[in-house]
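J.: Kindly generate the corresponding structure for this input.
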Amino acid sequence: MTLLWVKADTNPVVTEHAIRPKDLDTQGHVNNAVALELFELGRSVWVKTNETMLPEEVMPVVSRVNLSYFREIFLESIEIRTELVSDKYFELAFKQQIYSIEHERLCLEGEVFVCLIDKNTKQPCRLKHCFS
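T.: Predicted coordinates:
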């Protein structure tokens, strides 16, 4: 069983991003699938910011997502806020939010649960935590 140390900051990591025309659906707002990609972008920046590098044999797998939509996201600049809020034996839970910078409003909020899987054994990796 692989034992991992998660080094994390307790403050949210903020990622600024400009919505592109290709992110919009035929109704002119961000497609739901794109919203999940934006959350993935936020988690990627969180990992780099917190210097949380996974061993090559470990892969993160999104195991569950809970979303609440508050406002449509259009062709605009946004902030993706990502924070590690809980860590269990085999799972990390992130709180993520997307804010419209122009309208200063919350557009989307979600909890994303990530399980770390050993590529060789296909089993969850046990987490060992180390918060700075």
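J.: How about the contacts made by V114?
T.: Under the criterion of C-beta atoms under 8 Å, 6 or more residues apart in numbering, the neighbours of V114 are R43, P60, V61, V62, S63, E91, L92, A93, F94. Where you see a C-beta, it was placed from the backbone N, CA and C, and this is true even at glycine.
J.: Phi and psi next, for it.
T.: Note on V114: its backbone torsions stand at phi -120, psi 130 [degrees, to the nearest 10].
J.: what's across from it in the sheet?
T.: Counting by DSSP bridges, V114 forms beta bridges with V62, L92.
J.: Please shift the residue numbers so they start at 492 in all later answers.
T.: Let's use 492 as the start, then, which means that last one is V605.
J.: From V549, how far off is it?
T.: Here the criterion is C-beta to C-beta, to the nearest Å. By it, V605 lies 11 Å from V549.
J.: No further questions, thank you.
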